[in-house]
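Student: Need coordinates for the below:
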Amino acid sequence: MSDNKEDFAPIDGFEPVRKAVFAKALELAAFEGWTSSMLDGAAREAKVTPSSLKAAFPAGIRDLLRYWSEMADEQMLAAMKTSEFAGLKIREKVAFAVRSRLDVLAAHKEAARRAAALMALPPYSILAATLSWRTADKIWRGLGDQSTDFNFYSKRGILTGVWTSTFARWLADDSEDRAATHAFLNDRIGNVMQIEKAKARVKDLGLDPTKPIEWLARLRYPARR
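Tutor: Residues are numbered from 1 along each chain as shown. Model prediction:
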């Protein structure tokens, strides 16, 4: 199977192998980075054979990073099912979800930093964009979003930007309580709320925000009274 494949379909029966290798990889990646040699070393420490490693992670490091992202998403969703989350307002829920996602990574921040550096390289750009989009999608689904129209894409696109920029800010924030990151996140969500208000005002004018060409036409050729 090609190492460039972006869709990872786990093979039944190899989840214990994935968990064992991943646990060792998190320990090693902080020092060695996310490399093929690191993955091989993690497999050796986990006493996993090369053939089992290939079956568990067919695309190597790409699948390992995808596995970490998916595990972090699931832990984030679990936090979003608590009573603490249920009583929050929508913008507070979004902030809670993003903070929860960062909480999952906090114990392995240097490994996350090394992963971010790798994912910033052109060969990993599609994977990075895919995983960021999936995180945003899972947050909206965790919020109970039922949209299927243009809003489905706009919500996820905007939240992807919030997530990735906040993640980058977190990587540079070495404070114990992450106050700078939380303030940054609140500002970004505030920006999103302003966009939503602007969209509402556009609709009040009788314009469909999903049809920008129609806006321009109506501005260029306003209806005669």
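
Student: CA only for contacts and neighbour counts going forward, please
Tutor: Will do.

Student: where does the protein dip in pLDDT?
Tutor: Residue ranges of the chain with pLDDT under 70: 1-12, 193-225.

Student: Tell me which stretches of it form helices.
Tutor: Listed in chain order, the helices of the chain (DSSP state H) span residues 15-32, 36-45, 50-56, 61-79, 83-86, 90-106, 109-119, 125-142, 150-171, 179-204, 212-220.

Student: Tabulate those helices in JSON lines, adding columns for mean neighbour count.
Tutor: Output for the helices of the chain, formatted as JSON lines (neighbours: other Cα atoms under 10 Å):
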{"stretch": "helix 15-32", "mean neighbour count": "17"}
{"stretch": "helix 36-45", "mean neighbour count": "18"}
{"stretch": "helix 50-56", "mean neighbour count": "16"}
{"stretch": "helix 61-79", "mean neighbour count": "18"}
{"stretch": "helix 83-86", "mean neighbour count": "12"}
{"stretch": "helix 90-106", "mean neighbour count": "19"}
{"stretch": "helix 109-119", "mean neighbour count": "18"}
{"stretch": "helix 125-142", "mean neighbour count": "19"}
{"stretch": "helix 150-171", "mean neighbour count": "18"}
{"stretch": "helix 179-204", "mean neighbour count": "15"}
{"stretch": "helix 212-220", "mean neighbour count": "12"}
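
Student: contacting residues for the closest residue to residue 137 other than its chain neighbours?
Tutor: The shortest distance from residue 137 to any non-neighbouring residue, by Cα to Cα, 6 or more residues apart in numbering, is to residue 156 (5.8 Å). Taking Cα atoms under 8 Å, 6 or more residues apart in numbering, we find residue 156 in contact with 133, 136, 137, 140.

Student: What of residue 177?
Tutor: Taking Cα under 8 Å, 6+ apart as the definition, residue 177 has no contacts.
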